[in-house]
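Chemist: just a sequence and a predicted model for now, questions to come.
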Amino acid sequence: MPVTLATACHSELLIRKSRFLGCVEPVPDRATAQQRVRAAWQAHPQATHVCWALMAGGQSAAVDDGEPSGTAGRPMLEVLRHQDLEGVLATVVRYYGGIQLGAGGLVRAYTDSVAQALLQATKVAIVPRRTLAVMVPYALEGMVRREVLRVGASLLDVQHAGDVTLQFELALPDVAPLVALLNEAGQGRLVWLDIGSSC
């Protein structure tokens, strides 16, 4: 099962006078990852390189940012892939120290920077979620709200009209038991609305 990270974690390595600042963090998509890379450049304008790798399904990427091809982004991506991570960005900011490390040295430096940051990371399982919407009579609103919150669902929207429409998101494994429970408690008075499938 793929996992992501709870929060960002950092590392710092000094290798033959070059300074490598690693960061691994959860990101939802490539656009967010690119914003984080720009932020790294803004925070370190004197850096020589900001190399990065993103593990995010079809949006994955590996960027060497001027280092010799295949010595930074791809090895960083392999570290993320090896740990079955998803929705994770790894960045390594390098300040060149004047001594060349060679291709093998660069691969080790970038790999180690990501691996060291991951040693401190808290990994969390990615649980697929689904958004549901149900129309209920006013008299059943309180019961439905209690059950929705009891299973840890996130209430997204409530609309009051002729009936009450509640929209909420919850973990996919909890969907069938909750729907069955609410249908039984509602005695046929709940109307489920089709709003699409898994998020």
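Modeler: Thanks, I have the structure now. Residues are numbered from 1 along each chain as shown.
Chemist: what segments of the chain are strands?
Modeler: Assigned by DSSP state E, the strands in the chain fall at 3-5, 9-15, 18-26, 49-55, 61-63, 88-95, 123-125, 129-136, 154-160, 164-171, 191-193.
Chemist: CSV for the ones you listed, including mean pLDDT, mean neighbour count and distance to Q42?
Modeler: (Each C-beta comes from the backbone N, C-alpha and C, glycine too.) Putting those into CSV (pLDDT from 0 to 100; neighbours: other Cβ atoms under 10 Å; distance: least, Cβ to Cβ, whole Å) gives the following:
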stretch, mean pLDDT, mean neighbour count, distance to Q42
strand 3-5, 91, 19, 22
strand 9-15, 96, 15, 17
strand 18-26, 96, 22, 14
strand 49-55, 96, 26, 10
strand 61-63, 94, 19, 17
strand 88-95, 97, 26, 11
strand 123-125, 88, 12, 28
strand 129-136, 91, 18, 33
strand 154-160, 91, 11, 33
strand 164-171, 92, 18, 34
strand 191-193, 92, 12, 44
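Chemist: could you dump these to a markdown table with distance to R38?
Modeler: Below are the strands of the chain laid out as a markdown table (distance: least, Cβ to Cβ, whole Å):
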| stretch | distance to R38 |
| --- | --- |
| strand 3-5 | 20 |
| strand 9-15 | 18 |
| strand 18-26 | 14 |
| strand 49-55 | 9 |
| strand 61-63 | 12 |
| strand 88-95 | 11 |
| strand 123-125 | 26 |
| strand 129-136 | 29 |
| strand 154-160 | 30 |
| strand 164-171 | 30 |
| strand 191-193 | 40 |
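Chemist: so which of the ones you listed is nearest L182?
Modeler: Counting by Cβ to Cβ, L182 lies closest to strand 129-136 out of those; the figure is 7.0 Å.
Chemist: tell me the domain ranges of this protein?
Modeler: According to automatic domain parsing, the chain is divided into the following domains: 3-125, 129-193.
Chemist: coming back round to it: so which of the strands of the chain comes closest to D112?
Modeler: Once the strands of the chain are compared by Cβ to Cβ, strand 9-15 is nearest, at 6.1 Å.
Chemist: who does that closest one touch, helix- and strand-wise?
Modeler: Under the contact criterion of 3 or more Cβ pairs under 8 Å, 6 or more residues apart in numbering; DSSP states H and E, strand 9-15 touches strand 18-26, helix 102-119.
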